[in-house]
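**Q** only geometry, no sequence info:
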């Protein structure tokens, strides 16, 4: 689920048309339009490496979050009509926080 919702290593994103296409393609427009989603533009190896950084506290209070800097596209819902979700895209390189679980640890949740 984490990979489906948050990882796109093949694109650079950043445009609204990218967000409109990817949100639909990845199943985040049904049954309702998801308000906001972040796509990480790094390969899974780089994202797994974030799981190897020191643990930090997650928003839910658990201590299984980790942080790193990656290229991302944030997609924010701007409107919808007749089931057609419209998004605005914004790209940046920024700090992200992900929750990791397992042995070896793998990403399971985008925390911010």
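**A** On my side now, so go ahead. As the structure is a prediction and not an experimental result, all values here were calculated from the model.

**Q** so how far is the helix or strand bottoming out on mean pLDDT in the chain from its chain's centroid?
**A** Between all helices and strands in the chain, the lowest mean by mean pLDDT, DSSP states H and E belongs to helix 2-6, at a mean of 87. On the basis of Cα atoms, centre = their mean, to the nearest Å, helix 2-6 sits 6 Å off its chain's mean C-alpha point.

**Q** mind giving me the packing neighbours of that helix?
**A** strand 36-40, strand 106-110 (3 or more Cβ pairs under 8 Å, 6 or more residues apart in numbering; DSSP states H and E). Backbone N, C-alpha and C define where each C-beta goes, glycine included.

**Q** these into a markdown table, with extra columns for distance to residue 1 and mean neighbour count?
**A** Below are the helices and strands packed on helix 2-6 laid out as a markdown table (distance: least, Cβ to Cβ, whole Å; neighbours: other Cβ atoms under 10 Å):
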| stretch | distance to residue 1 | mean neighbour count |
| --- | --- | --- |
| strand 36-40 | 12 | 20 |
| strand 106-110 | 8 | 18 |
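
**Q** which stretches in the chain count as helices?
**A** 2-6, 16-25, 44-50 (DSSP state H).

**Q** turn these into JSON lines, including distance to residue 37 and mean neighbour count.
**A** Shown next, in JSON lines, are the helices of the chain (distance: least, Cβ to Cβ, whole Å; neighbours: other Cβ under 10 Å):
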{"stretch": "helix 2-6", "distance to residue 37": "6", "mean neighbour count": "16"}
{"stretch": "helix 16-25", "distance to residue 37": "6", "mean neighbour count": "17"}
{"stretch": "helix 44-50", "distance to residue 37": "16", "mean neighbour count": "16"}
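
**Q** show me the one of those helices that comes nearest residue 80.
**A** helix 16-25 (10.8 Å; Cβ to Cβ).

**Q** ok, residues contacting the closest one?
**A** With contact meaning Cβ atoms under 8 Å, 6 or more residues apart in numbering, helix 16-25 is reached by 8, 11, 13, 29, 33-34, 37, 39, 73, 75, 85-89.
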